[in-house]
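**Q** What follows is a predicted protein model with its sequence.
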2 protein chains.
Amino acid sequence: MKHLLIAAHGSRRESSNEELKHLGMKVSAMLGVANNQVDVAFLEFASPSIENALVELFNNHVTEVIVLPYFLSAGNHVVRDIPAAISKVLAQWPDKKITLLPHIGALDSMVGAIAGAFES
Amino acid sequence: MKHLLIAAHGSRRESSNEELKHLGMKVSAMLGVANNQVDVAFLEFASPSIENALVELFNNHVTEVIVLPYFLSAGNHVVRDIPAAISKVLAQWPDKKITLLPHIGALDSMVGAIAGAFES
């Protein structure tokens, strides 16, 4: 069963990190899957790290994870840090599959989200 | 006529800032309004600043601006810096109207965008 890992920056504000976890639950509800099929992990300031989250999933017999970088633009975290974390984990788990999606700011649906906010 | 101002963080990468301006054009196209009715401004690393963008609009006889914080979580920039910039401008232009929207990460449409990325 595929899992979704939302890879976020992480904030010094605990409420922002909690907001992300809540978003993960809303996504799993929309997808109609179990809560634990959508996880959130962080690069900084919060746990789990992206690396630890992936290892935890693989230890729990998950075989495939889709990673969505929860970033608006393609900065160093998107271009370098998240791919590096994935490579490190795959080196230890060569039989597992990780698919890295484009960052969320690159999705066409963002245009509609902004336009909708203006019109409402 | 209402204007939309997308208030972004700004990046040291010029390509990220250009990506934002391109997004603004896609939003104006989707809304069916003139390109200059949707502007982008930045907190750091790029111009115009949010303050200068608002002042420029008001100097050009715009009376109402909708500000959308282009941030995924409610960190200090969303909670403190953008409202502070708006307050400063409104103190100089008490007859103008600025509506501050929730940050884009708080929009319900984000849930659908993530779920759609997982399913595709």
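**A** Received the coordinates, thanks.

**Q** only C-alpha atoms for contact and neighbour calcs from this point on.
**A** Will do.

**Q** Flag every buried residue along the top helix by length along chain A.
**A** Of all the segments of type helix in chain A, defined by DSSP state H, the longest one is helix A:14-31. Applying a neighbour-count criterion of 16 or more other CA atoms under 10 Å in any protein chain shown, one finds A:S16, A:N17, A:E19, A:L20, A:K21, A:L23, A:G24, A:M25, A:K26, A:V27, A:S28, A:L31 buried in helix A:14-31.

**Q** ok, now stretch A:89-102?
**A** Buried, per 16+ other CA under 10 Å, within stretch A:89-102: A:V89, A:L90, A:I98, A:P102.

**Q** what do you get for stretch A:69-79?
**A** A:P69, A:Y70, A:F71, A:L72, A:S73, A:A74, A:G75, A:H77, A:V78.

**Q** same for chain B: which of the residues you listed are within range?
**A** Contacts with chain B within those, counted by CA under 8 Å from any CA of the partner chain: A:Y70, A:F71, A:L72, A:S73, A:A74, A:G75.

**Q** all helices for chain A, in order.
**A** So, for chain A - with DSSP H - the helices run A:14-31, A:50-59, A:76, A:82-92, A:109-119.

**Q** one step back: okay, the ones next to chain B among the buried residues of stretch A:69-79 in CSV with distance to B:L43 and pLDDT next?
**A** Converted to CSV, those look like this (distance: CA to CA, whole Å; pLDDT from 0 to 100):
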residue, distance to B:L43, pLDDT
A:Y70, 20, 95
A:F71, 17, 92
A:L72, 15, 91
A:S73, 15, 84
A:A74, 17, 82
A:G75, 16, 80
